[in-house]
Each structure stands twice: as structure tokens, then as C-alpha cells.
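Engineer: the following comprises the amino acid sequence and a computationally predicted model.
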Amino acid sequence: MASEASGAPAPNSAAPCDVPPQASHAVKGHSFLALAVGSVGVVFGDIGTSPLYAFKEALHAAAKDGITRSEILGVVSLALWALILVVTVKYVLFIMRADNKGEGGVLSLMALAQRAIGRRTTLVFVLGVTGAALFYGDAVITPAISVLSAVEGLRTIPALEAHVTTQVVLVIATVMLLGLFFIQSRGTATVGKLFGPVCAVWFAVMLVLGAYHLADNPGIVAAINPYYAVAFLFDHGMAGFIVLGAVFLTVTGAEALSADMGHFGRWPIQAAWLFFVLPCLAVNYLGQGAFALHTLDVAEAAGRPMPELNWFFEMAPEFLRLPLVLLAGAATVIASQAVITGAFSLTQQAIQLGLMPRQDIKRTSETQSGQIFVPQLNTMLLLGVLAIMFTFQTSSALAHAYGLAVTGTMVVTTCMAYIVMRRLWNWKTPAALAFLIPFMLLDLTFLSANALRFFTGGWLPVLIGAALFTIMATWVRGSQILTDKTRRDSVPLVDLMEILRARAPHRCPGTAIFLTSDPDMTPVALMHNLKHNKVLHERNVVLTVRTAETPRVAEDDRIRTQAINADFKKVEIFYGFMESPNVPKALALLRKQQGLKFDIMATSFFLGRRSIVPSANSGMPLWQDRIFIFLMKNAANPTDFFKIPPGRVVELGAQVTV
């Protein structure tokens with residue numbers, strides 16, 4: 001069964017308004033410093049835990065035939081320049097400028113690109129849906145690899161080394177992840193206050209560890225010279241390409257810089273990156289490199305091969321490793337929390353933009369609109385994380401699966417940013433190409449390097465992304481077919497007015513509100529009410545909820561009304577794609593602004609319910625029809641989704657083929 005009101009909102013219907021400027025999203029009274037510290041926890045949690053495994057995996061990939069001094073310098077140089085080019089130059093200096101009224105992320109960029117073009121195009125739709133689908137793949141892998149890499153640090157403690165087997169690591173990681181996902185329903189307000197300070201301590205510890213080991217071999221500072229990175233790639237050919245795929249782990253989480261702009265603002269995030277996070281990461285990678293060079297020198301002097309170590313944890317003195325593991329565990333939980341919260345926000349945006357069926361979205365804060373909980377998604381993420389964790393079992397194995405989702409999203413981001421620069425910012429073609437060509441070459445290089453790991457784990461995010469792309473494409477296509485069919489079978493509202501003038505039905509007191517996705521056609525529920533009950537209320541409102549291409553809509557521009565005649569009124573309620581619809585609240589605003597007199601608890605809401613039947617001639621293959629019907633049946637109840645009092649809802653149904 002599906003509600004008539006559940007048809008996908010027209011993503012290209014923009015509200016005739018501007019939303020509050022970016023600064024209004026920040027909580028008043030919060031200082032710039034407080035926002036910057038808060039962003040350290042939420043925005044940089046993922047990229048901040050990459051030193052746990054990125055250098056280790058890159059050096060392991062480079063050490064197939066033994067390791068040399070130039071290879072260590074090359075790996076560190078590649079890591080540093082990945083942070084500089086991908087994160088600092090591309091995201092901080094360019095992508096973060098392409099915000100949608102202060103909001104970022106792949107779907108915000110998609111909405112911005114659609115607005116720049118003036119309509120939804122196949123190219124922008126495919127790019128946006130691909131980016132969103134790949135993000136979900138990232139959201140499943142991040143908690144697993146982050147928590148596993150932290151727990152594996154227990155093996156660096158001599159007293160525990162013999163007892164920490166793979167099974168023990170999996171059990172501890174499972175307990176941590178279960179606790180993380182089970183507390184999601186309580187909201188992140190309290191835990192969120194700890195995110196910034198804990199991650200600030202984490203970055204400070206990384207800085208201290210790195211700086212401490214720089215004394216092992218100060219010559220590692222030479223890795224800042226890009227010559228070592230370029231020379232490494234030229235000297236190693238295909239092997240260098242494989243190492244490049246592992247080096248990319250250093251920049252996983254870069255998408256969060258733009259995705260979380262709406263929570264903290266562009267300037268606090270940029271300042272936190274440039275003046276705190278980047279220096280801490282750079283010094284830590286230099287410290288790991290210096291430690292590796294020192295270890296190599298000791299091994300060569302003793303005539304032994306260089307050992308393969310868990311470099312990050314081995315940098316700490318033995319008596320500090322347990323506290324470091326505990327801190328790493330907290331940091332990885334925060335990184336996981338950040339990506340889970342991002343998945344919740346992305347799902348809300350996708351629903352509002354008509355890319356997914358309705359899901360039950362719960363608010364966990366009365367003051368912070370961004371704090372939401374999506375129960376169905378939370379359960380699916382938990383099952384997905386546990387499934388892949390027990391499939392791959394180690395962070396090293398999972399590292400092979402990690403890069404493709406992120407690099408794919410980065411390619412999508414570069415393409416849509418180019419569209420925005422050309423069509424919205426009106427950049428000249430040479431200037432836009434000066435951005436597109438170098439960064440697209442960089443993205444494609446990383447994508448190709450990660451594609452070499454497809455059969456050793458890279459297939460996982462591709463599989464997840466393909467499944468989600470199919471679901472979203474099916475939902476959009478099915479919703480369009482359903483809307484077109486309903487429109488063909490419906491009576492235009494202006495024609496109904498003529499019929500009612502000629503044959504007036506029995507009138508009953510009160511107000512009836514008919515929810516519909518197409519305000520120009522007679523709602524199915526209204527036709528059924530007239531046909532079967534032969535009754536019309538004194539006051540009738542044809543209500544449509546629309547999604548704007550902006551994150552939020554100002555209250556003054558929330559509602560648009562049009563009087564059809566003395567008995568009928570059209571009402572359109574506009575919400576941004578970052579907002580959750582609340583019809584009673586909007587109607588109260590309508591009553592306040594325009595003096596429309598009705599009692600919400602004495603008003604009947606009529607919803608059309610459609611029973612969907614598959615058809616071989618629907619425009620979609622039969623297997624897609626079945627997917628669409630499954631999605632419709634499992635969509636959240638429109639009564640709950642639109643926050644309508646359940647006791648005031650009347651549902652009238654019909655059977656429709658798709």
C-alpha cells in the first residue's frame with residue numbers, strides 16, 4: 001500500500017525564497033573557537049584515525065621485496081602531498097566554496113548543480129545518486145576498519161600480545177560497535193559535547209608522538225620535498241601504483257569537510273584543518289617515517305630483515321600503550337559516530353529530494369535540527385558493519401575495500417563542482433578547466449590505484465553502491481511512472497469545480513485537508529469521498545508538501561496559498577532538504593499568518609492509499625516493479641512522516657498498476 005501523498009516530491013521545485021545565511025545555522029553565542037574545537041571531533045574523526053593504519057598499509061605494500069630508505073621517504077612524501085593536494089587545496093580552498101546556503105555534501109552539491117542548470121538532468125542525477133550510494137558503502141566500512149585498527153593495538157602490549165587473537169579482537173570490536181549503535185536512539189547531544197575535546201587530545205597525542213620520534217632520524221623532514229613522491233612512483237611502476245592505493249587511506253574522510261559545513265560553518269572547519277589538524281597529521285606521519293628509518297638502520301646493522309610493525313602504537317613507550325589503545329578506541333568510536341550521523345543526514349536529504357522512500361525519522365534534540373535518528377538505517381548499518389567485519393576479520397584486509405568508495409565520491413564531487421563553477425558562478429571555461437583537469441587527473445589516478453585492489457576487497461563498496469544506486473533509481477523511476485499514471489486517470493481540479501457547481505453534493509461542517517503530490521489534479525481521496533460518501537466539507541484544502549533545492553526554508557516563505565473558490569483553497573508547504581515535514585506546525589503558522597480559521601483537532605486529513613500491482617508494460621522491467629512495490633510497502637506511514645494526528649486521518653484506497 002502507498003499513500004498518494006507519498007509520491008516523490010519534485011526535487012526541481014524550488015521555494016521562492018532565500019534561506020537564512022550560513023551563519024544562522026551556528027548556535028548563537030558559540031564562539032569561533034568553540035565551533036572550531038567542535039569540528040575537530042565531528043568533521044575530522046575519520047581522517048584523524050587514518051594514521052592508525054594508513055602508513056602501516058602503505059609501507060607493507062611497498063615492502064614486497066624488502067624496504068629501503070628511499071621507499072620510506074617516498075611513502076611519507078606521498079602521504080604528505082595527498083593531504084596537501086586532496087584535502088587542503090581541493091576541498092579547503094575549492095569545494096568548500098560550493099556550499100548550498102551553508103550546507104555541503106554530495107546531495108547538497110547535486111541540488112546546487114540542478115539549480116545551476118535550471119532542471120534535473122540525467123547527468124547530475126546519476127552523479128548525485130552515485131555519490132550518495134558510495135557514501136553508504138563508506139559508512140559501512142569506516143566503523144569496522146576504525147574500531148578494528150584500534151583494538152589491534154592491544155597486540156603491541158607485551159603482557160597481552162599472546163592472548164589477543166583475531167577472535168578476541170573481533171569480540172571486543174563487536175561489543176564496542178553494539179554499544180555504539182544501541183545508543184544512537186538516545187541522541188548524540190551529550191556524547192557530542194565530548195567529541196571535540198577527546199579528539200583534540202587525540203590529535204595532540206599524535207603530534208607529541210610524531211615530534212618525539214622525529215629525533216630518531218631528522219632526515220625524514222626531506223620527505224616534504226615532492227621529489228621523493230614523484231621519484232617513488234616513477235621508480236616502482238605498477239608496484240608504486242599499488243602503494244598509491246594504500247596511501248589514499250590518509251585522506252579518507254575528506255568529504256566530511258564539506259558535508260558538515262552546515263553544523264559549524266566554513267571558516268571554523270578551514271581554520272581547524274589548517275592550524276591544528278593538518279600539522280598534527282603531518283608531524284605524526286613524519287614521526288612514523290623517522291621511526292621506520294631508525295628501525296631499518298638498527299635491522300641493517302644487526303644483519304636482520306626489517307620487521308613489520310604496527311608503527312603507530314609501537315611509537316609509544318610500552319607503559320603508555322594501553323592508555324593509547326583506550327584513547328584510540330575512543331577516537332575510532334567518535335569517527336564511527338560521525339559517519340553514522342552523516343548517513344542519517346544523507347538519508348533525510350535523499351528522502352526529501354525524492355530519491356528514497358519515506359523512513360521513520362526521529363528527532364533526538366529539541367534545539368538542534370541536525371540531530372536525528374533513523375531506526376531502520378541504524379539496524380541495517382549495524383548488520384552490515386558486523387557482517388563485513390567478520391568477513392574480513394582484520395583492518396589490513398578491510399583496507400583493500402576502503403578506497404574505492406571514497407575515490408568514487410571524490411570524482412563525483414569534482415564533476416559537480418565543475419558544473420557549479422561554470423553554470424552558477426559563471427567562471428570562464430579556461431578557469432573552470434584549470435580546476436577540473438588537474439583534480440580530475442588526481443582523482444582518477446587514485447581511483448585507478450584503488451581499482452587494482454578490486455578483487456581483494458574493493459568489490460565490497462562497489463557492490464553496496466550498485467545496490468543502493470539501483471534502489472534509488474528504481475524509486476525515482478517508479479514514483480514518476482506512478483505520478484504520470486495517476487495524473488492521466490485523475491480529473492483536473494478546475495473541471496471538478498464545474499461539476500460541483502452543476503451538482504452540489506451534501507455539505508457537512510468542518511474542514512477537510514486532502515494531501516496530494518499534484519495540486520492541479522483532483523486528489524484520489526477527494527474523488528472517492530464524493531463518489532462513495534457523496535459528501536463535501538464546508539472548507540476544503542488541497543495540500544501539497546514540496547521540497548526546495550535549499551537546505552532550509554525561512555518561516556515567512558514556508559507557505560503559499562491560492563483560493564480556488566469560496567469552498568476550496570490550495571496550500572503548498574515548502575521544506576528544505578535538511579528539514580523534516582511537520583504539517584500541523586505549518587498549518588498553525590498558516591493560521592497565524594493568514595488568519596485561516598480551523599481547529600487542527602476538528603479537521604479531517606484525507607489520504608489516498610494505492611495498492612500497487614506489477615505490470616509487464618509499466619515502463620520498468622518486472623524485477624524493478626517488484627523492488628518498487630517492496631519499497632512502497634515498507635515506506636514509513638505518511639501519518640507519522642508528516643506528523644499528522646493519527647485520530648484525524650481518513651484513508652481511501654485504489655489499485656494501481658506500475
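Structural biologist: That came through, no problem.

Engineer: can you pull the buried residues of stretch 112-131?
Structural biologist: 112-117, 120, 124-125, 127-131 (16 or more other CB atoms under 10 Å). (C-beta placed from N, C-alpha, C; glycine too.)

Engineer: make CSV from the residues you listed and add secondary structure to it.
Structural biologist: Listed next are the buried residues of stretch 112-131 as CSV, based on DSSP: H, G, I helix; E, B strand; the rest coil:
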residue, secondary structure
Leu112, helix
Ala113, helix
Gln114, helix
Arg115, helix
Ala116, helix
Ile117, helix
Arg120, coil
Val124, helix
Phe125, helix
Leu127, helix
Gly128, helix
Val129, helix
Thr130, helix
Gly131, helix
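
Engineer: now for the strand ranked longest in the chain, which elements pack on it?
Structural biologist: If you go by DSSP state E, the chain has its longest strand at strand 535-547. Judged by 3 or more CB pairs under 8 Å, 6 or more residues apart in numbering; DSSP states H and E, strand 535-547 is in contact with strand 506-515, strand 568-575.

Engineer: need the winner for burial among the ones you listed.
Structural biologist: strand 568-575 (a mean of 20; mean count of other CB atoms under 10 Å).

Engineer: contacting residues around that strand?
Structural biologist: 15, 17, 352, 493, 497, 519, 539-548, 553, 557-564, 581, 583, 586, 590, 596 (CB atoms under 8 Å, 6 or more residues apart in numbering).

Engineer: filter those residues down to the buried ones.
Structural biologist: Counted by 16+ other CB under 10 Å, those give 15, 17, 352, 493, 519, 539-548, 553, 558-559, 581, 583, 586, 590, 596 as buried.

Engineer: one step back: make a markdown table out of the helices and strands packed on strand 535-547 and add distance to Phe291 and mean pLDDT.
Structural biologist: A markdown table is the format used below for these (distance: least, CB to CB, whole Å; pLDDT from 0 to 100):
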| stretch | distance to Phe291 | mean pLDDT |
| --- | --- | --- |
| strand 506-515 | 63 | 88 |
| strand 568-575 | 53 | 91 |
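
Engineer: out of those strands, which is closest to Leu444?
Structural biologist: strand 568-575 (37.1 Å; CB to CB).

Engineer: re the thing from before, and which of the buried residues of stretch 112-131 is nearest to Val87?
Structural biologist: Distances from Val87 to the buried residues of stretch 112-131, taken by CB to CB, are shortest for Gly131, at 17.6 Å.

Engineer: ok, that closest one touching Val106?
Structural biologist: Yes: counting by CB atoms under 8 Å, Gly131 touches Val106, with 3.6 Å between them.

Engineer: next one: Ala432 from Gly104, what distance?
Structural biologist: According to CB to CB, to the nearest Å, Ala432 stands 19 Å off from Gly104.

Engineer: who has more neighbours out of these two?
Structural biologist: Gly104 (28 against 19; other CB atoms under 10 Å).

Engineer: for the stretch 351-500 of the chain, which segments count as helices?
Structural biologist: In the stretch 351-500 of the chain, the helices defined using DSSP state H, counting those that start in this stretch lie at 375-392, 395-423, 429-451, 459-489, 493-502.

Engineer: and the ones you listed as a markdown table, adding mean pLDDT and distance to Gln337?
Structural biologist: Below are those laid out as a markdown table (pLDDT from 0 to 100; distance: least, CB to CB, whole Å):
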| stretch | mean pLDDT | distance to Gln337 |
| --- | --- | --- |
| helix 375-392 | 92 | 12 |
| helix 395-423 | 87 | 18 |
| helix 429-451 | 90 | 25 |
| helix 459-489 | 88 | 20 |
| helix 493-502 | 85 | 48 |
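
Engineer: pLDDT score for Lys597?
Structural biologist: Predicted confidence (pLDDT) for Lys597: 69.

Engineer: again, but for the one 5 residues further on
Structural biologist: Taken from the predicted model, the pLDDT recorded for Ala602 is 75.

Engineer: what's the distance between the nearest residue to it once chain neighbours are set aside and Arg501?
Structural biologist: Using CB to CB, 6 or more residues apart in numbering and skipping residues adjacent in sequence, the residue nearest Ala602 is Gly510, 6.0 Å away. According to CB to CB, Gly510 and Arg501 sit 21 Å apart.

Engineer: same deal with Gly131?
Structural biologist: Counting by CB to CB, the gap from Gly131 to Arg501 is 51 Å.

Engineer: cool, Val87 as well?
Structural biologist: For Val87, the distance to Arg501 - CB to CB - is 65 Å.

Engineer: and these two? Which one has more around it.
Structural biologist: Remark: of Val87 and Arg501, Val87 carries more neighbours, 23 against 9, as counted by other CB under 10 Å.

Engineer: let me know the helix or strand that the closest residue to the more buried one other than its chain neighbours is in.
Structural biologist: Of all residues not flanking Val87 in the chain, Ala254 sits nearest, at 4.8 Å (CB to CB, 6+ apart). Following DSSP states H and E, there is no helix or strand that holds Ala254.

Engineer: just give me the neighbour total for Ala254.
Structural biologist: Ala254 has 26 nearby residues by other CB under 10 Å.

Engineer: then the one 4 residues further on?
Structural biologist: A total of 27 residues lie near Ser258 under the criterion other CB under 10 Å.

Engineer: so it makes contact with Phe94?
Structural biologist: No: judged on CB under 8 Å, Ser258 makes no contact with Phe94 at a distance of 10.0 Å.

Engineer: any low-confidence regions in this protein?
Structural biologist: 1-30, 187-194, 262-263, 364-371, 595-598, 616, 653-656, 658 (pLDDT under 70).

Engineer: what about the strands in it?
Structural biologist: Counting by DSSP E, the strands of the chain are 2-3, 362-363, 372-373, 506-515, 535-547, 559-563, 568-575, 603-613, 649-657.
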